[in-house]
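*Asks:* Based on what follows, work out the 3D shape:
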Amino acid sequence: MSSSASTPPNATSPTTLRSDAQLIGLVGLAHAISHFSQLILAPLFPWLKDAFGVSYTELGAVLTVFFVVSCIVQAASGFIVDKLGPRPVLFVGLGALGLAAFGYAAAQSYWMLLLCAVVGGIGNGVFHPVDYTLFNRKVAPTRLGHAYSVHGITGSLGWALAPAFVVPIAIATSWRVALASAGALAIVVLLVLWAYRRVLDLDVKAVHKATGQGEAAVGGQFDFLRIPAVWMCFGFFFFYAAVISVVQTFAPVAAGHLHAVPVGIVAVCLTVYMVASSAGMVAGGFLASDPSRCERIVGLGFGIAAALALVLAFADFPPLVVPVLFGAMGFVSGVAGPSRDLLVKRSTPPNATGRVYGVVYAGLDIGQAVAPLVFGRLMDHGQYVAVIVGLALVQGVLIASAFNVTRVRRTALVPASA
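*Replies:* Next comes the predicted model:
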């Protein structure tokens, strides 16, 4: 069965280019704030360490709490999205991110930081079920690849914006003002989305009727968990998160040690990777217009990325080549991004969109929580080649995972009505 049969387009009304563009832009803006909020604390660790008299390990635990809570909420919020619709859940999520940032700014103890991380994790956990439910229900199928592309680009830009936003403010004023400003930015975005709330509206009753939910629905709320492809997608995103985590934290430093790269150039590697990844996502949006080839695009993209990582680990070249290789790796990974999201869409029963995306994307949070523990130990022991080779191995696992999703895919929980 085709992807269109497994997840029908908008069940309420036809779409236009303008309406799709508005929706994609608003959802992308919200997604950028989600990623922005994930990185507002880490750049301020030097200030927070002195302010609260804690170690970097203790500060890292604050981020662990954030992602663990986000993982739990992400899996649970999908059920709420399917029941109530995505818009109210999105508004609560943005509000919680803003509240957490204000809480960080006002914190008087380390334990208050941990409590605010719980609030932030709650807010962060709603975005993927919300975003992809809106896309899959309201965007024309021919424009879904572009929607996924914009979604990935705005997430990368949110990550890039966070340190560029909070660090200069902290230097000019204080870390508290920087975090309060981050909270204000989240609230501004919430107000923008509220002003355009009609664009984000989704007739949940119409969707339930079109997909067989409600009193006449066949199967329970958790029947989607019996679909093997859902768990294969979960595993895929676990390893994908590990790749992102290694690139964001350890790979540039490890490559710097291997090739005698100056500190200034090492710092540029992540920026180059993210910018190139965003450019790759633009190209990937066009390639994803044909869902039947999404597995091949994912396999080719991460296959090339793994090969480039092995070059980083074993080849001998001048230091200035390192950021170039990171840029190339980011570009091919970005090309695979929209097709990566189509893997999930093609495995999603029409009556469980929010739930499936909630469970599948919980793999992202778990991967981001686990990977630093494994690769951080390698860094502590000076195993820099092992870090880069490990990155290549995880990228290779992504290729196998993508094709396994195809092998075990199931089309629907509920038989499509004639």
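
*Asks:* Packing partners of the helix or strand where Thr133 lies?
*Replies:* According to DSSP states H and E, Thr133 maps onto helix 127-138. Counting contacts by 3 or more Cβ pairs under 8 Å, 6 or more residues apart in numbering; DSSP states H and E, helix 127-138 packs against helix 17-38, helix 56-84, helix 86-106, helix 144-172, helix 321-345, helix 353-380. In this view, the C-beta of every residue, glycine as well, is placed from N, C-alpha and C.

*Asks:* Tell me which of those helices is the most buried.
*Replies:* helix 321-345 (a mean of 25; mean count of other Cβ atoms under 10 Å).

*Asks:* among the helices and strands packed on helix 127-138, which is nearest Ser292?
*Replies:* Ser292 sits nearest to helix 321-345 of all these, at 9.6 Å, using Cβ to Cβ.

*Asks:* tilt between the closest one and helix 144-172?
*Replies:* Relative orientation of helix 321-345 and helix 144-172, computed by axes from the mean of the first three to the mean of the last three Cα atoms, to 10 degrees: 130 degrees.

*Asks:* Please pull out the lowest mean pLDDT helix or strand from the protein.
*Replies:* Least confident helix or strand of the chain, by mean pLDDT, DSSP states H and E, is helix 3-6 with a mean of 38.

*Asks:* okay, the angle between the helix holding Thr133 and helix 353-380?
*Replies:* 140 degrees.

*Asks:* mind starting the numbering at 22 from now?
*Replies:* Done: numbering now begins at 22, and the last item shifts to helix 148-159.

*Asks:* the inter-axis angle of helix 148-159 versus helix 107-127?
*Replies:* Using the same axes, to 10 degrees: helix 148-159 against helix 107-127 is 150 degrees.

*Asks:* which one of the helices and strands packed on helix 148-159 lies closest to Ile420?
*Replies:* Per Cβ to Cβ, nearest to Ile420 of the helices and strands packed on helix 148-159: helix 342-366, 9.7 Å.

*Asks:* Show the average pLDDT along that closest one.
*Replies:* Taken as a whole, helix 342-366 has an average pLDDT of 87.

*Asks:* ok, for Val198, nearest residue in space, not its chain neighbours?
*Replies:* Setting aside the residues directly before and after it, Val198 is nearest to Ile190 in space (Cβ to Cβ, 6 or more residues apart in numbering), at 5.9 Å.

*Asks:* Could you pull up the residues touching the one you found?
*Replies:* Val198, Ala199, Ser202 (Cβ atoms under 8 Å, 6 or more residues apart in numbering).

*Asks:* any weak-confidence spans in the stretch 222-371 of the chain?
*Replies:* 225-246, 288, 312, 366-371 (pLDDT under 70).

*Asks:* Please, where are all the strands along it?
*Replies:* Using DSSP state E, counting those that start in this stretch, no strands are found in the stretch 222-371 of the chain.

*Asks:* what are the ranges of the helices in it?
*Replies:* 225-232, 249-270, 272-280, 284-308, 315-335, 342-366 (DSSP state H, counting those that start in this stretch).

*Asks:* For Asn425, which of those helices is the nearest?
*Replies:* helix 249-270 (5.1 Å).

*Asks:* what packs against that closest one?
*Replies:* Using 3+ Cβ pairs under 8 Å, 6+ apart, helix 249-270 sits against helix 284-308, helix 342-366, helix 374-401, helix 405-429.

*Asks:* and the ones you listed as a markdown table, adding distance to Ser40?
*Replies:* What follows is the helices and strands packed on helix 249-270, written out as a markdown table (distance: least, Cβ to Cβ, whole Å):
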| stretch | distance to Ser40 |
| --- | --- |
| helix 284-308 | 18 |
| helix 342-366 | 20 |
| helix 374-401 | 19 |
| helix 405-429 | 31 |
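
*Asks:* Compare those helices and report which one is nearest to Phe88.
*Replies:* helix 374-401 (4.6 Å).

*Asks:* Just give me how far the closest one sits from the chain centre.
*Replies:* 10 Å (Cα atoms, centre = their mean, to the nearest Å).

*Asks:* Give the other helices and strands that that helix contacts.
*Replies:* Taking 3+ Cβ pairs under 8 Å, 6+ apart as the contact cut, helix 374-401 packs with helix 77-105, helix 148-159, helix 249-270, helix 342-366, helix 405-429.

*Asks:* coming back round to it: okay, the angle between the helix holding Thr154 and helix 77-105?
*Replies:* 30 degrees.

*Asks:* Can you dump the C-alpha atoms of helix 148-159 in PDB for me?
*Replies:* Extracted C-alpha coordinates of helix 148-159, given in PDB (Å, rounded to 0.1, in the frame of the first residue of the first chain):
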ATOM      1  CA  PHE A 148       6.800  19.400  19.600                       C
ATOM      2  CA  HIS A 149       7.300  16.400  17.400                       C
ATOM      3  CA  PRO A 150       3.800  14.900  17.900                       C
ATOM      4  CA  VAL A 151       2.300  18.400  17.400                       C
ATOM      5  CA  ASP A 152       4.500  19.400  14.400                       C
ATOM      6  CA  TYR A 153       4.100  16.200  12.400                       C
ATOM      7  CA  THR A 154       0.400  15.800  13.100                       C
ATOM      8  CA  LEU A 155      -0.100  19.300  11.700                       C
ATOM      9  CA  PHE A 156       2.100  18.600   8.700                       C
ATOM     10  CA  ASN A 157       0.600  15.200   7.900                       C
ATOM     11  CA  ARG A 158      -3.000  16.300   8.300                       C
ATOM     12  CA  LYS A 159      -2.900  19.800   6.800                       C
END
